[in-house]
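Engineer: I'd like to go over a predicted model; first the sequence, then the structure.
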Amino acid sequence: MKKTVLITGGSRGIGAAAVRLFTKNGYETAFFYRKNQEAAKALSEETGAVAVSCDVSDAEMVRKGVRDARICLGTTAFDTVVCNAGVSLQGLFTDLTDAQWDELLGVNLSGMVYVLREALPQMISRKAGQIVLVSSVWGETGASCEVAYSATKAAVIGLAKALAREMGPSGIRVNVVAPGVIDTDMNRIYEPQVMEALAAETPAGRIGTCEEAAEAIFYLASEKASFITGQVLGVNGGLYI
């Protein structure tokens with residue numbers, strides 16, 4: 001019987017790379033996307049994965065999206081859930097608006113809570129499953145002019161560590177991948193000289209790829225990581241050690 005996975009934020013970047021990797025390895029895959037229907041459709045046609053329109057910051061949409069993903073995959077419980085959906089924001093903390101904070105908190109943290117709240121009961125009943133949350137190197141060390149983003153990503157790490165303790169007796173592992181500077185649409189807001197400076201600051205001497213981050217996600221979801229839970233795997237080229 002094939003394993004199943006639900007991946008949020010799956011239409012582009014790290015999420016899309018994860019969709020490709022899981023399907024390549026035989027998983028029945030569903031992924032959430034928020035706006036980019038064209039990219040979602042193309043990825044679905046490429047991989048055979050099921051694309052589900054869902055804004056993770058909306059609890060009711062998540063409830064329906066998780067249900068629809070289960071039905072499409074023909075499963076009562078996912079083997080793996082990857083919470084990857086996220087948004088970023090640059091600017092001075094003192095300029096942060098309520099609307100900007102609400103969006104960051106809603107997508108980056110509440111979205112994970114809503115998805116896990118819907119997916120976990122069935123995993124608990126089955127006493128098996130893997131959860132991988134995608135945080136950021138800035139959630140570990142913080143970034144100037146990305147204070148609110150850093151705060152939400154740090155909260156993701158706290159969520160994972162606490163949930164790993166709570167879910168361990170139910171046979172469910174919870175881990176975090178914390179990417180560094182990766183070549184994604186999110187990071188293309190930076191000027192080229194900024195990216196060059198970040199690459200120079202990284203001991204590996206370069207920017208990471210979405211595929212490298214996806215490999216870390218897949219590893220933590222695999223049986224090779226069967227005794228790993230509550231941990232943060234940095235995919236950052238040594239930017240934060």
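Structural biologist: Looks like it arrived, so ask away. This one's a predicted model, so the numbers in the text were calculated from it and none came from an experiment. Numbers count the residues shown, from 1 in each chain.
Engineer: what ranges of this structure fall below the confidence cut-off?
Structural biologist: 188-189 (pLDDT under 70).
Engineer: Determine which residue lies closest to the centroid of it.
Structural biologist: Asn84 (1.6 Å; CA atoms, centre = their mean).
Engineer: And for Thr97, the neighbour number?
Structural biologist: 10 (other CB atoms under 10 Å). In this view, the C-beta of every residue, glycine as well, is placed from N, C-alpha and C.
Engineer: Show me what the host helix or strand of Glu211 is packed up against.
Structural biologist: Element membership of Glu211, judged by DSSP states H and E, is helix 210-221. Here helix 210-221 touches helix 13-24, strand 80-83, strand 129-134, strand 172-179, strand 232-235, going by 3 or more CB pairs under 8 Å, 6 or more residues apart in numbering; DSSP states H and E.
Engineer: ok, and what's touching that helix?
Structural biologist: By CB atoms under 8 Å, 6 or more residues apart in numbering, the residues outside helix 210-221 that reach it are 5, 13-14, 16-18, 20-22, 25, 80, 82, 84, 130, 132, 134, 173, 175, 177, 179, 182-184, 225, 228, 233, 235.
Engineer: So which of the helices and strands packed on helix 210-221 is nearest Lys153?
Structural biologist: strand 172-179 (7.8 Å; CB to CB).
Engineer: The helix ranked longest in the chain: how far from the chain's middle?
Structural biologist: In the chain, with assignment by DSSP state H, the single longest helix is helix 147-167. With CA atoms, centre = their mean, to the nearest Å as the basis, helix 147-167 stands 12 Å off its chain's centre.
Engineer: buried sites along that helix?
Structural biologist: 147-157, 159-161, 163-164, 167 (16 or more other CB atoms under 10 Å).
Engineer: What about Leu89, how many residues nearby?
Structural biologist: Neighbours around Leu89, by other CB under 10 Å: 18.
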